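Participant: just need the structure, nothing else, for what follows:
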Amino acid sequence: MGARLRLRPRARHLGRAGTSASGESDASVLAYAPMSMPPRKSQRAVRAGSLVIGAGAPISVQSMCATPTRDVAASVAQCEALHAAGAGLVRLAVDTARDVEALAEIRTQTRAALVVDLQENYRLAEKVAPHVDKIRYNPGHLHHHERARSIRDKVAQLVQVAGANDCALRVGVNCGSVAPEYDARFPGDSIGAMLECAWDHCEMLDSLGFTRYVVSLKDSDPHKVVEANQRFVERRPDVPLHLGVTEAGLLPGGEIKTRIAFEQLLARGIGDTLRVSLTLPNERKPEEVEIGRAILADVAAGRFRSVPDLSGLNIISCPSCSRVENQSFVELAEKVRELTLYAKDHDVTIAVMGCRVNGPGETDDADLGLWCGPRAVNLKRGGEKLGSFGYDEVLSRVREELDRLIELRQG
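Facilitator: As a prediction, the model looks like this:
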């Protein structure tokens, strides 16, 4: 997979030229065929506050705050900005008792419907549930605490909390953080591991009498996102799906990767909510919502980007969010892109991750990976850690490793 895109038009653009979120005409990369949004596959309606997800309800666009949750004023301002841009749900990350206290205050000051991301601590669910409409948990993170307790028991606790507080759940399965037992059962098959994990958690929730849940299956490769969601629907057409290409990265490539996945899935009636995950500074986060709404409008009108032949240099970077421990991460991602332009014709993947949650696992499959801590950047070659470097010194090492990698492949 690569970020340099050779676009092959599927059909002549017959209608009015579309416009990207940046305002640039995209007539050269849109194919046009009059249509309306196809009927959704999902058969079950899931309520999150006043929002209905699935069973033919309008597709909603979500986003996530990039501000530290503990910063109440900044988080309220961003919730309001995302809501004003058209976000149906806004997600915040909660990792500490201080975050929980802030969340309670944020709830009183924003009009936005809220989702909480439990990160690695499912035990916080009871404290945050009274303040949100939906709880997102990652099955791959349930093993971090109380390791002697079974996964089913932990899910049962989440079900009890959600039911008692009128909350929906999202089972959020990510390629880079699949539960270890599924990685072991499906070596080299990330899609198989994600799917089996998602199906197992659906069965767990069903057996516990809880059906008010949504599933997401995310990868940084749009083609894997398409395959995973299509295969999921074959077995569980009843379950609403939240769509996302995780770590889609910087614009414009991040939008194009996201469109590749969303267009193919939405055109097949797959997807009930969606999020565009881009690496953006805080003040530009509403662009995620604007781009998501533009994609929905284009699909409904029959305007599609050409399916690209992805090759060359591929820069993957996660969306800026409240988990980022140093805001220099966004600037670093831009600098990595600028530094590596000379290698645009080489099939190399470089991943730039902003936090400890996504960083360690989701850089393993990249040729070079950078995951950013509060004061240093951890540099990796595949799964091998090369060391930790200051934000002001890591770029020279990236250049050295990239040159070495290109030389080896050419030799």
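
Participant: okay, CA-based contacts and neighbour counts for the rest of this
Facilitator: OK.

Participant: sticking with residue 223, tell me its helix or strand.
Facilitator: helix 222-235 (DSSP states H and E).

Participant: for that helix, name the packing helices and strands.
Facilitator: Applying 3 or more CA pairs under 8 Å, 6 or more residues apart in numbering; DSSP states H and E, one finds that helix 222-235 contacts helix 190-207, strand 213-218, helix 253-266.

Participant: 10 Å instead, please
Facilitator: Applying 3 or more CA pairs under 10 Å, 6 or more residues apart in numbering; DSSP states H and E, one finds that helix 222-235 contacts helix 190-207, strand 213-218, strand 241-244, helix 253-266.

Participant: elements contacting the last one?
Facilitator: So that's helix 253-266. strand 4-7, helix 222-235, strand 241-244, strand 273-275, helix 286-301, strand 303-305, strand 308-311, strand 314-317.

Participant: tell me the mean pLDDT over the first one?
Facilitator: Taken as a whole, strand 4-7 carries a mean pLDDT of 36.

Participant: also stretch 202-219?
Facilitator: Rounded mean pLDDT across stretch 202-219 is 98.

Participant: residues near residue 341, how many?
Facilitator: 10 (other CA atoms under 10 Å).

Participant: OK, contacts around it?
Facilitator: Residues in contact with residue 341 (CA atoms under 10 Å, 6 or more residues apart in numbering) are residue 313.

Participant: turn the helices and strands packed on helix 222-235 into JSON lines, columns for distance to residue 287.
Facilitator: Below are the helices and strands packed on helix 222-235 laid out as JSON lines (distance: least, CA to CA, whole Å):
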{"stretch": "helix 190-207", "distance to residue 287": "29"}
{"stretch": "strand 213-218", "distance to residue 287": "20"}
{"stretch": "strand 241-244", "distance to residue 287": "15"}
{"stretch": "helix 253-266", "distance to residue 287": "10"}
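
Participant: of all those, which lies closest to residue 383?
Facilitator: helix 190-207 (15.5 Å; CA to CA).

Participant: quick one: buried residues of that closest one?
Facilitator: Across helix 190-207, burial judged by 16 or more other CA atoms under 10 Å covers 190-195, 197-198, 201-202, 204-205.

Participant: which of the helices and strands packed on helix 253-266 comes out lowest on mean pLDDT?
Facilitator: Of all the helices and strands packed on helix 253-266, the minimum mean pLDDT falls on strand 4-7 (a mean of 36).

Participant: coming back round to it: most tightly surrounded among the helices and strands packed on helix 253-266?
Facilitator: Each of the helices and strands packed on helix 253-266 was scored by mean neighbour count; the highest is strand 314-317, a mean of 29, by mean count of other CA atoms under 10 Å.

Participant: convert it to CSV, retaining C-alpha atoms only.
Facilitator: The C-alpha coordinates for strand 314-317 follow below in CSV (Å, rounded to 0.1, in the frame of the first residue of the first chain):
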residue,chain,number,x,y,z
ASN,A,314,3.0,5.3,2.2
ILE,A,315,2.9,7.6,5.3
ILE,A,316,0.5,6.3,7.9
SER,A,317,-0.3,8.6,10.9
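
Participant: which ones are touching residue 204?
Facilitator: Taking CA under 10 Å, 6+ apart, one finds 151-153, 155-156, 198, 210 in contact with residue 204.

Participant: how is the protein partitioned into domains?
Facilitator: As assigned by automatic domain parsing, the chain contains the domains 10-306, 312-410.

Participant: those: lowest mean pLDDT?
Facilitator: The minimum mean pLDDT among the domains of the chain belongs to domain 312-410 (a mean of 85).

Participant: and the end-to-end length of it?
Facilitator: Terminal residues of domain 312-410 are spaced 14 Å apart (CA to CA, to the nearest Å).

Participant: report the distance from stretch 232-242 to the chain centre.
Facilitator: 18 Å (CA atoms, centre = their mean, to the nearest Å).

Participant: when you give positions from now on, start the count at 830
Facilitator: Noted, 830 is the first residue going forward, which turns the last one into stretch 1061-1071.

Participant: straight-line length of it, end to end?
Facilitator: Using CA to CA, the end-to-end distance of stretch 1061-1071 comes out at 12 Å.

Participant: how about the helices in the protein?
Facilitator: Assigned by DSSP state H, the chain shows helices spanning 901-914, 926-938, 954-957, 980-993, 1009-1014, 1019-1036, 1051-1064, 1082-1095, 1115-1130, 1157-1168, 1188-1191, 1223-1239.

Participant: can you redo the ones you listed as a markdown table with distance to residue 948?
Facilitator: Output for these, formatted as a markdown table (distance: least, CA to CA, whole Å):
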| stretch | distance to residue 948 |
| --- | --- |
| helix 901-914 | 18 |
| helix 926-938 | 12 |
| helix 954-957 | 10 |
| helix 980-993 | 13 |
| helix 1009-1014 | 16 |
| helix 1019-1036 | 17 |
| helix 1051-1064 | 21 |
| helix 1082-1095 | 23 |
| helix 1115-1130 | 21 |
| helix 1157-1168 | 19 |
| helix 1188-1191 | 13 |
| helix 1223-1239 | 27 |
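
Participant: which of those helices sits closest to residue 877?
Facilitator: Nearest of those to residue 877, taken as CA to CA: helix 980-993 at 10.8 Å.
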